[in-house]
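1. What shape does this take:
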Amino acid sequence: MTLPHNPDADPDPTTQMTWPSSRRNASGSHIIKSNYPGGAIESPQAERGPLRLDPTVSGIKPLAIPPSKKSLTTKDLIFLSISMAGAQIAWTVELGYGTPFLLSLGVSEQLTSLVWLAGPISGLIAQPLIGAISDSSTSKYRRRYWIVSSTAVLVFSTLTLAYCKELSTFLVDLFGGGQGDWDPKRSDYISDTAIGLAIASFYLLDFALNALQASLRNLLLDITPAGQLNAGNAWHSRMTQAGNIIGYGFGFFPLADIPVLRWIGGSQFRKFCIIVLVVLIITVWITCWTQEEQERPNKQAGSSQLRKILGNIRAAILKLPTPIRKVCAVQVFAFMGWFPFLFYATTYIGQAMAREKNAEPDAEYATRMGAFSMLLNSVVAAAAGALLPYLSRRDTRLLRVQDEDEEEETIRLRNMIHEWRVDAAKKGKKMRLPNLPVLYRTIWIGALLLFTVLTMLTFFVQSTIGAIVLVSLVGISWAVACWVPFAIIMEFLKEMEEIVEPTSPAQTRANTRIHSRAHSRAHSRAHSRTQTGSASFANFGLASERQPLLSHATASLETYEESLLGPVDRNRPVAGGTVLGIHNLAIVFPQFLVSLAASLIFNIVDGSQQDDETTYYGRNGVAWVLRFGGFCTLFGAIVARSLPLTKTEEEMRYILDELTTLSKEDTQP
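-> So this is what the prediction gives:
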């Protein structure tokens, strides 16, 4: 059976929600168009116009209904997300070249793990602070301002890294360090200055990248309609993987062979930095030029800007909804595994080469092979990022239709079952009900367990090729890490926004009718529920995946809010940027612990080689750091089992339960 095409639906195949629309018939009643067999349904919701909630219903105050966000085309989503590719290419400067570059300057392996505290420190400060500042702004440039500012800082810090040795030489000569080229002290001054400039530049780069990526995610949350958030996050993930492919691809390719880059001079690292800056500037310009933000009314006039910002952060932390809090708990353990891998994967390849050859490999070649392994990792992640969202793709037959009451829903579901039976009978087969898509948390748990298994395989992998394959396969888990957590959080944030500011009259009517529909459902189907042993779901609350959905006749919008999202302040806009910043705290905070643990592991495993001049030979500390990270992600998978389902997932389970019950009723004599 072919379902009718909805012209108003999202064109991107990874969208999670349908976009039913309505038109009026000659009598003024609504004709609801939806993706189900049986055609349109005439609704008695005639001539209502914008609905204002009755203050007597569940204590909800009347709210002005803001204009709904326009549906985005695939082209719009690409332009909105393309800057994430540029930002990720800039990340590869640090992830792919950072550790080898610092080692080449003379920084010890133990000290590099402390240098990379720049990541958690910048994430701890930059993302929540910038999210709160931009949330409090009413300007239509509130997100793009920080995108452009962060890009400017990125340009400065990357150029400093590219010309680090030349700048250190200039500064030493400027301030009279040493007596001349023959003076050994001058060389020491230049080396120490270069190390200082490199570390400071990496800190600046980390702060700027955290600010840039936070602002890009906030822009996505602001502009994208609720039904297209999965598509938007999927495109962000794809662009992230594309950025990795481009970044590590350029890092692996011998750039000195390109004639146009020869005039730049210097090493492969310098040429790579210049390419990164060009791509970053172009992608940021595309996003900022093509996207348009809306001005927001100032609802909190009278308080100081600083007090408002700090108040937003404090309120968001204290009132963080339970689902988002649990996502953060999983991220704590997940990034205790991701942090070592992202910064030391290229070094792991170099150490594998040294073990295989039983000698110190060429540093430049080892770095390029490390970049090659991360290039393959990015290709695998891009493929996984393109395919995995289809596992969670929402079956339109299991989605609710807006502005549909109890009787209309029952008619629609019965018509669907009838047509499925007819189609199955024609083919001589038994009718099969649709299956639920794979849940977000299931995909996430699988990715975390895969990461644990792959890191434990480092005990057995001894060859360079084996190490490259292992690093490549981790791309599957990384694709999920770039997509699922943000998709879960943004869905819950959109649910909170719909509670505070309904996006349309239809949404408002749907919310206010939850109580009445639950009540009527409980009475009309109580007898059949008892006979079939199934249970319905009306309050969108939490339920075990293996248990039937339970019906509560007194369920209401408030029940859902209080049990899952917690109390929602209807007079205060949802601070999405602040919440995403707090989520980032859960990502960066454990990195402090991992940095200290990595430094301790390096000291224990490679302490005897501390004074050697070798970079890779005789060292195995990175492999033990990766194993430690894999052990942490195992705990993350255990915590992820308690993640609640999103509202859409709960609704789909409810519809499937209804279909199961109706199909059994229709087969009874």
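
2. quick one: secondary structure of residue 600?
-> Classification of residue 600 using DSSP: H, G, I helix; E, B strand; the rest coil returns helix.

3. gap between it and residue 114?
-> 11 Å (CB to CB, to the nearest Å). For glycine as for every other residue, the C-beta is placed from the backbone atoms N, C-alpha and C.

4. do residue 619 as well
-> Residue 619 is 17 Å from residue 114, where distance means CB to CB.

5. Comparing those two, which shows the higher neighbour count?
-> Comparing residue 619 with residue 114 by other CB atoms under 10 Å, the one with more neighbours is residue 619, at 22 against 15.

6. is it true that the more buried one lies in a strand?
-> No: secondary structure of residue 619 (three-state DSSP): coil, not part of a strand.

7. Quick check: closest non-adjacent residue to residue 495.
-> Excluding the flanking residues, the one nearest residue 495 by CB to CB, 6 or more residues apart in numbering is residue 647, at 5.3 Å.

8. oh sorry, the question was meant for residue 348
-> residue 622 (4.5 Å).

9. now do residue 448
-> Closest to residue 448 by CB to CB, 6+ apart is residue 637, at 4.0 Å.

10. Is it correct that that neighbour is in contact with residue 450?
-> No: using CB atoms under 8 Å, residue 637 is not in contact with residue 450; the gap is 9.5 Å.

11. quick one, which of those two is more surrounded?
-> residue 637 (21 against 18).

12. Look up how far residue 126 lies from that one.
-> The value you get for residue 637 to residue 126, if CB to CB is used, is 29 Å.

13. Kindly report the same for residue 420.
-> Separation of residue 420 from residue 126 (CB to CB): 52 Å.

14. Same drill for these two, tell me which one is more crowded.
-> residue 126 (25 against 19).

15. you'd agree the more buried one is up against residue 207?
-> Yes: counting by CB under 8 Å, residue 207 is a contact partner of residue 126 at 5.2 Å.

16. May I see the buried residues of stretch 594-603?
-> Going by neighbour count (16 or more other CB atoms under 10 Å), the buried part of stretch 594-603 is 594, 595, 597, 598, 599, 601, 602.

17. just stretch 195-211 next, same as before
-> Taking 16+ other CB under 10 Å as the criterion, stretch 195-211 shows 195, 197-199, 201-211 as buried.

18. Give me the contacts around it.
-> Applying CB atoms under 8 Å, 6 or more residues apart in numbering, the external contacts of stretch 195-211 come out as 87, 90-91, 93-94, 98, 101-102, 105-107, 115, 118-119, 121-123, 125-127, 130, 146, 149-151, 153-154, 156-158, 160-161, 164, 167-168, 584.

19. quick one: average confidence on stretch 223-232?
-> For stretch 223-232, mean pLDDT rounds to 78.

20. now the end-to-end length of it.
-> 10 Å (CA to CA, to the nearest Å).

21. and the next element down the chain from the longest helix seen in the chain?
-> What stands out as the longest helix in the chain, according to DSSP state H, is helix 184-223. Next along the chain after helix 184-223, taking DSSP states H and E as the criterion, comes helix 229-252.

22. follow-up on the earlier one: are any of the contacts of stretch 195-211 buried, and if so which?
-> Buried members of the contacts of stretch 195-211, counted by 16+ other CB under 10 Å: 87, 90-91, 93-94, 98, 101-102, 105, 107, 115, 118-119, 121-123, 125-127, 130, 146, 150-151, 153-154, 157-158, 160-161, 164, 167-168, 584.

23. Got the phi and psi for residue 463?
-> phi -90, psi 160 (degrees, to the nearest 10).

24. ok, the closest residue to it other than its chain neighbours - contacts?
-> Using CB to CB, 6+ apart and skipping the chain neighbours, the partner closest in space to residue 463 is residue 356 (5.6 Å). Counting by CB under 8 Å, 6+ apart, residue 356 touches 462, 463, 464.

25. and what of residue 598?
-> 113, 340, 344, 625, 628.

26. how far off helix 184-223 does the helix or strand containing residue 603 point, in degrees?
-> Taking DSSP H and E as the criterion, residue 603 maps to helix 576-605. Put simply, helix 576-605 runs at 140 degrees to helix 184-223, going by axes from the mean of the first three to the mean of the last three CA atoms, to 10 degrees.

27. Next secondary structure element downstream of helix 576-605?
-> Using DSSP H and E, the helix or strand that follows helix 576-605 towards the C-terminus is helix 621-640.

28. Alpha carbons only: can I get that following helix in PDB?
-> C-alpha atoms of helix 621-640 as PDB (Å, rounded to 0.1, in the frame of the first residue of the first chain):
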ATOM      1  CA  GLY A 621      50.600   4.900  27.300                       C
ATOM      2  CA  VAL A 622      48.100   6.100  24.700                       C
ATOM      3  CA  ALA A 623      46.600   2.600  24.300                       C
ATOM      4  CA  TRP A 624      46.000   2.400  28.100                       C
ATOM      5  CA  VAL A 625      44.400   5.800  28.100                       C
ATOM      6  CA  LEU A 626      42.000   4.600  25.300                       C
ATOM      7  CA  ARG A 627      41.200   1.500  27.300                       C
ATOM      8  CA  PHE A 628      40.400   3.700  30.300                       C
ATOM      9  CA  GLY A 629      38.000   5.700  28.200                       C
ATOM     10  CA  GLY A 630      36.300   2.600  26.900                       C
ATOM     11  CA  PHE A 631      35.700   1.400  30.400                       C
ATOM     12  CA  CYS A 632      34.000   4.800  31.200                       C
ATOM     13  CA  THR A 633      31.700   4.600  28.200                       C
ATOM     14  CA  LEU A 634      30.500   1.200  29.400                       C
ATOM     15  CA  PHE A 635      29.100   3.000  32.500                       C
ATOM     16  CA  GLY A 636      27.600   5.600  30.100                       C
ATOM     17  CA  ALA A 637      25.700   2.800  28.300                       C
ATOM     18  CA  ILE A 638      24.300   1.500  31.600                       C
ATOM     19  CA  VAL A 639      23.100   5.000  32.600                       C
ATOM     20  CA  ALA A 640      21.600   5.500  29.100                       C
END
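
29. can you list contacts of it?
-> Taking CB under 8 Å, 6+ apart as the rule, helix 621-640 contacts 109, 326, 329-334, 336-341, 344, 347-348, 351, 441, 444-445, 448-449, 451-456, 458-459, 590, 594, 597-598, 601-602, 604-606.

30. Quick check: which element contains the residue nearest to residue 658 when sequence neighbours are not counted?
-> Among residues not flanking residue 658 along the chain, residue 413 sits closest, at 5.7 Å (CB to CB, 6+ apart). Using DSSP H and E, residue 413 maps to helix 406-426.

31. Show me which residues of the helix or strand just after that helix are buried.
-> Sequence order places helix 440-456 as the next helix or strand after helix 406-426, per DSSP H and E. Using 16+ other CB under 10 Å as the test for burial, helix 440-456 gives 440-452, 454-455.

32. Flag the shaky bits of the stretch 451-600 of the chain, pLDDT-wise.
-> Under the criterion pLDDT under 70, the flagged ranges of the stretch 451-600 of the chain are 497-577.
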